[in-house]
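K.L.:
need a 3D model of the following:
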Amino acid sequence: MRRSIAVVLVILLLAPLSVAGEPLKEYVPYQEGEFPLWTYKIRRAEQIFFGSMIITIPAAALIYSLAVNNNVLAQPTSQGQAYLVSGAIAASLSLSISIADYVIGEVRKP
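P.N.:
A predicted model of the protein is given here:
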């Protein structure tokens, strides 16, 4: 009962804050040269890195489990260590893909 009363009081106290705020300004799209070129390159690398993680995480987990099961790598001491190692493998693969994309983009410049 007290919890529901507290929730109602918080809602009643915070509701006027949303009404008292200033209206949002009109949206203005970005201009052509508003950001420097390196920010676009960083953004592209970020998108490629996190986009490729969808593929590299299961691939890294599969490769790591196969390597451990075939005694190529030592058995992990805990399940958490296995997750960290496969995550590190996936991150390094994604980083390699991002770097390869950057190098290909720089080489193909006219």
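K.L.:
in this protein, spot the helix with the most residues.
P.N.:
The longest helix of the chain (DSSP state H) is helix 37-69.
K.L.:
can you give me the buried ones in it?
P.N.:
45, 48-49, 52-53, 56-57, 60-61, 63-64, 68 (16 or more other C-beta atoms under 10 Å). Where you see a C-beta, it was placed from the backbone N, CA and C, and this is true even at glycine.
K.L.:
by contact count, what packs against it?
P.N.:
Contacts defined by 3 or more C-beta pairs under 8 Å, 6 or more residues apart in numbering; DSSP states H and E place helix 37-69 against helix 79-107.
K.L.:
against which helices or strands is the helix it packs on packed?
P.N.:
Judged by 3+ C-beta pairs under 8 Å, 6+ apart, helix 79-107 is in contact with helix 37-69.
K.L.:
do me a favour and average the pLDDT over the helix it packs on.
P.N.:
Mean per-residue pLDDT for helix 37-69: 94.
K.L.:
tell me the angle it makes with helix 79-107.
P.N.:
140 degrees (axes from the mean of the first three to the mean of the last three C-alpha atoms, to 10 degrees).
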